[in-house]
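**Student:** From the sequence below, what's the structure:
(2 chains, ligands or ions: 2)
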Amino acid sequence: MSLLQVEGLGIEFGGVRAVHDVSFAMKPGEIVSVIGPNGAGKTTLFNMISGVYLPGSGRVKLDGEDVTGMSPHLLARRGLSRTFQNLQIFQQMTVLENAIAGYHLQESGHLLADLLNLPSSRRRAQVAREGAQKLLERVGLGRAGEQEAGNLSYGALKRLEIARALALKPRVLLLDEPAAGCNAVETEEIDHLIAEVAAEGVAILLVEHDMKMVMRISNHIVVLDHGEKIAEGDPATVSRNPDVIAAYLGTQEAADADG
Amino acid sequence: MKLSNKQATLLVLALLIAITPFFFPSSYYYRVGSLIFVNGIAVTGMVILIGYAGQISLGHAGFAGIGAYTCALAPVHLGLHPGLALVLGAVISAAMAWLIGRPILRLKGYYLGVATLGFGILVSMVLANERDITRGPDGIEVPDLGLRGLLKDMGLNLNNSEFWYGFTGLALLLGAWLALNLFNSPTGRALRALHGSEIAARTVGVDVARLKLQAFVISAVYASVSGSLLALQNKFITPDVAGYMHSIEMVTMAVLGGAGSVLGAIFGAGILTMLPQVLTVFAEYEQLMLGLVMMLVMIFMREGLLPSVLRLIRGRGE
Ligand SMILES: Nc1ncnc2c1ncn2[C@@H]1O[C@H](COP(=O)(O)OP(=O)(O)OP(=O)(O)O)[C@@H](O)[C@H]1O
Ligand SMILES: [Mg+2]
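**Tutor:** Numbers count the residues shown, from 1 in each chain, chains lettered A, B, ... in the order given. Ligands and ions are numbered 1, 2, ... in the order given. Predicted coordinates:
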């Protein structure tokens, strides 16, 4: 049975169809990539699945439950977590605190216990802190914990967001361009990390412009163009699809014409 | 041994409260000190709301008004001990904050500012107009807390201003301790997270509406206790305690001193409580000077006075 199921999802902004009638499904441990030219609607699709936007049409099902338009914090409780293309970091907090924030659902207890600094509150915070430190090490930020997050490089912040998303122990993880701004070595590390997390049974939905990476790690690819799904299948099938080639070549020609 | 930020803040505060009286030229300064502490309590609440959670309120004096008038009215009408009236005021303020916070906190930025401003004005209007109960704009007397007499019986003889200096100082320490506990707790982290990015906070599971409401209620309780202590100390209170000037004063003290840190905000309360006393030498230019200081601090020290000064000192040290 599929863990995440997207059925006929669509949304309009001021009459413009940003995403229209997109469907696909994913199983635990599967890596599904969404590709398409700039403005194709990939991030908008993520925003609808993760409850940031209320879809205009269609359904999202998580483990059989209809979660369409459910608020992100409730989706987090159900095991859906994500990162952002345009970084959403808690700038004033330290790197470690950003990662600990990912443990919110596990560490939060009673407000009075927190105000009075009761042992129960301290214990929960300590467990979260230790877990967060391990996650930082896993994404290569083990030594950066005490720095203010705002001081990190773009690539490091991308990895910090992954650590924070992993802290939720998600069943479904949405990664929006996790390797953007990372150098070749870092990209490869992220590559390994994604494969590792998927091997633990997490379903990963990925948006990434690095085609080599996409072709290498995806089990399944969904291609969007102008908000519509124009193709899907395994990497080999998709890369041979004439519509896909045309969509990518089309944007290439348009870009050339612009230049 | 390295002190945590919390320990250092509490230590500095406790030392300042304990040691400054030795330098007081006259007993009048005990009164200035306790006014600073009373303001400091309200402002510590503002740190939780503004500095931690990133929400604004221009109406928190409304809660100070509720706290103050509960201390004036509950002993007379309900026969409650003034100390318990303070607690009752805090409970009423919390309930009120919870009720109005739910719809109001959906608003952001200046919309939230205007809505809360409205609440504060509403409270002060009620206090000024319900003459039958509150005796209107001229104010009302507040019964004695009675604690000083009790201490005297126990052999600790303090005059009135000494007593209030010590009592409000301890209350401020307690308030600061709670706020500092909160900062590094799971709840505090969630508040600071939603301040940094509401959308990211949601995706890690933070119930943003609930957390904002908690911060609003907690800060309302601080304002209420501050108002109660002011009333009990002065043994008299007017509706001005709930007026918008007082609300704006609370925000200004917090932001001027540094809304991100408890010590900074209390420092701001100290400066803005003392400056008018110091500036009286400038007579009619007093308000002008005050406004100028506020503008200059905001232009050159956006984080607030204390954090900026500390940064400067650290920068030199390196
Ligand atoms: N909140 C919004 N309001 C109006 N239009 C929007 C909004 N969000 C997205 N869009 C529009 O929807 C379309 C799809 O944008 P989206 O960001 O989803 O593309 P994308 O595939 O993620 O592109 P990129 O590869 O550049 O990240 C674009 O035309 C965009 O301008
Ligand atoms: Mg995008």
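
**Student:** Next, give phi and psi for residue A:224.
**Tutor:** Main-chain dihedrals, residue A:224, degrees, to the nearest 10: phi -110, psi 140.

**Student:** pretty sure it is touching residue A:41, no?
**Tutor:** Yes - proximity of residue A:224 to residue A:41 meets the contact threshold set by C-beta atoms under 8 Å, at 5.3 Å. Quick note: C-beta positions are derived from backbone N, CA and C, even for glycine.

**Student:** what do these two both touch?
**Tutor:** Each of A:19, A:22 lies in contact with both residue A:224 and residue A:41 under the rule C-beta atoms under 8 Å, 6 or more residues apart in numbering or on different chains.

**Student:** Give me the pLDDT for the residue in the stretch 201-318 of chain B positioned nearest to ligand 1.
**Tutor:** The stretch 201-318 of chain B approaches ligand 1 most closely through residue B:202 (16.1 Å), counting by C-beta to the nearest ligand atom. With respect to pLDDT, residue B:202 has a value of 96.

**Student:** who's in contact with it?
**Tutor:** For residue B:202, the contacting residues are A:51, A:52, A:71, A:72, A:73, A:76, B:208, by C-beta under 8 Å, 6+ apart.

**Student:** Ramachandran coordinates for the fifth one?
**Tutor:** The phi/psi pair for residue A:73 (degrees, to the nearest 10) reads phi -70, psi -20.

**Student:** Go through the helix or strand harbouring the residue of the stretch 201-318 of chain B closest to ligand 1 and flag the buried ones.
**Tutor:** Secondary structure assignment for residue B:202, by DSSP states H and E: helix B:198-203. By neighbour count on 16 or more other C-beta atoms under 10 Å in any protein chain shown, the buried set for helix B:198-203 is B:198, B:200, B:201, B:202, B:203.

**Student:** same deal with stretch A:214-223?
**Tutor:** A:214, A:215, A:217, A:218, A:219, A:220, A:221, A:222, A:223.

**Student:** Among those, which ones are in helices?
**Tutor:** In helices, judged by DSSP state H, the following of the buried residues of stretch A:214-223 are found: A:214, A:215, A:217.

**Student:** ok, and the closest non-adjacent residue to the most centrally placed residue in chain B?
**Tutor:** The structure's chain B has its C-alpha centroid closest to residue B:42; by C-alpha atoms, centre = their mean the separation is 0.9 Å. Here the nearest residue to residue B:42 in space, its sequence neighbours aside, is residue B:226; by C-beta to C-beta, 6 or more residues apart in numbering or on different chains that works out to 3.7 Å.

**Student:** in the chain, which spans are strands?
**Tutor:** Since you didn't name a chain, this refers to chain A. Taking DSSP state E, the strands of chain A run over residues A:4-13, A:16-26, A:31-35, A:57-62, A:65-66, A:80-82, A:172-176, A:203-207, A:220-225, A:228-233.

**Student:** Chain B is the one I meant
**Tutor:** Listed in chain order, the strands found in chain B under DSSP E are B:140-141, B:236-237.

**Student:** Pull the contacting residues for the residue of the stretch 1-150 of chain B found nearest ligand 1.
**Tutor:** Across the stretch 1-150 of chain B, no residue is closer to ligand 1 than residue B:108, which sits at 16.5 Å (C-beta to the nearest ligand atom). Listed by C-beta under 8 Å, 6+ apart, residue B:108 has no contact partners.

**Student:** for it, phi and psi?
**Tutor:** As for residue B:108, its main-chain torsions (degrees, to the nearest 10) stand at phi -120, psi 160.

**Student:** Excluding sequence neighbours, find me the nearest residue to the closest residue to ligand 1 within chain B.
**Tutor:** When you check chain B against ligand 1 by C-beta to the nearest ligand atom, the closest residue turns out to be residue B:199, at 12.1 Å. Closest residue in space to residue B:199, ignoring its immediate chain neighbours: residue A:88 at 5.6 Å, by C-beta to C-beta, 6+ apart.

**Student:** Report how many residues lie close to the one you found.
**Tutor:** Summarising burial for residue A:88: neighbours were counted as other C-beta atoms under 10 Å in any protein chain shown, giving 20.

**Student:** how much space between it and residue B:198?
**Tutor:** For residue A:88, the distance to residue B:198 (C-beta to C-beta, to the nearest Å) stands at 9 Å.

**Student:** what does the stretch 101-250 of chain A put close to chain B?
**Tutor:** Proximity of the stretch 101-250 of chain A to chain B (C-beta under 8 Å from any C-beta of the partner chain) is limited to residues A:101-102, A:104-105, A:107-109, A:111, A:113-117, A:121, A:124-125, A:128, A:164-165, A:167-168.

**Student:** Mind pulling the model confidence for the spatially closest residue to residue B:203 that is not a sequence neighbour?
**Tutor:** Beyond its immediate neighbours in the sequence, the residue positioned closest to residue B:203 (C-beta to C-beta, 6+ apart) is residue A:72, lying 4.8 Å away. Residue A:72 carries a pLDDT value of 96.

**Student:** And for residue B:179?
**Tutor:** Among the per-residue scores, residue B:179 shows a pLDDT of 97.

**Student:** next one: residue B:288
**Tutor:** On the pLDDT scale, residue B:288 is placed at 78.

**Student:** need the residues of the stretch 201-318 of chain B near ligand 1, please.
**Tutor:** Taking C-beta under 6 Å from any ligand atom as the measure of proximity, the stretch 201-318 of chain B makes no contact with ligand 1.
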